[in-house]
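Trainee: Turn this into a structure:
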Amino acid sequence: MCYYARTDYSCGDWRWGNMKLRCQRQHRMGETCGAKLADEQNIVWVSEQCRTCKDIEVKQRRLQRELDNIARWQREGDRFRASIEKAQREARQLREMIDDLQGKRASIVFQVRPDARPPTMSDVRPPRAVV
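Mentor: Got it, this is the predicted structure:
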């Protein structure tokens, strides 16, 4: 298991940083074992949201604007039929994009249980001596 720096965001997501410590299981020079653990001395807390959450907020604002336009145009009658259809297609696409972005969030991808968190060095037990 190799130890990496980590950045934690206020939204609950995190981002892996640079490798801080290589483990003994590495096969060749320059390769890692594939198991990532957070180095507790290199965890940075950031008070802002991650990039994915910012993108989700932008898409939600655009979606709300499209829904407001649809409602306004429907109140005015048949004058804006083509605009309504176009806005409905865009709203459907925005919903799909929001769902895709939600699925890419680290806190969702790695969620195992409600109190899930990324692994840290304190979670690792020292190896036993083989006799």
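Trainee: Please state the backbone phi and psi of the nearest residue to S10 once chain neighbours are set aside?
Mentor: With sequence-adjacent residues excluded and distances taken as Cβ to Cβ, 6 or more residues apart in numbering, S10 is closest to S47, at 5.4 Å. All C-beta spots, glycine's among them, are computed from the backbone N, C-alpha and C. Taking degrees, to the nearest 10, you get phi -80, psi 0 for the backbone angles of S47.
Trainee: where's S47 relative to V58, distance?
Mentor: According to Cβ to Cβ, to the nearest Å, S47 stands 19 Å off from V58.
Trainee: Give me the more crowded residue out of the two.
Mentor: Between S47 and V58, counted using other Cβ atoms under 10 Å, the more crowded position is V58 (13 against 6).
Trainee: Which elements pack onto the one helix or strand the more buried one maps to?
Mentor: In the assignment (DSSP states H and E), V58 maps to helix 51-75. Judged by 3 or more Cβ pairs under 8 Å, 6 or more residues apart in numbering; DSSP states H and E, helix 51-75 is in contact with helix 81-104.
Trainee: Need the residues that contact the helix it packs on.
Mentor: 52, 55-56, 59-60, 62-63, 66-67, 69-70, 73-74, 108-109 (Cβ atoms under 8 Å, 6 or more residues apart in numbering).
Trainee: Kindly recompute the last result at 10 Å.
Mentor: Outside helix 81-104, the residues within contact range by Cβ atoms under 10 Å, 6 or more residues apart in numbering are 13, 51-74, 76, 78, 80, 108-109.
Trainee: How many neighbouring residues does R81 have?
Mentor: Residues near R81, counting by other Cβ under 10 Å: 11.
Trainee: Apologies, that question was intended for Y3.
Mentor: Y3 has 22 nearby residues by other Cβ under 10 Å.
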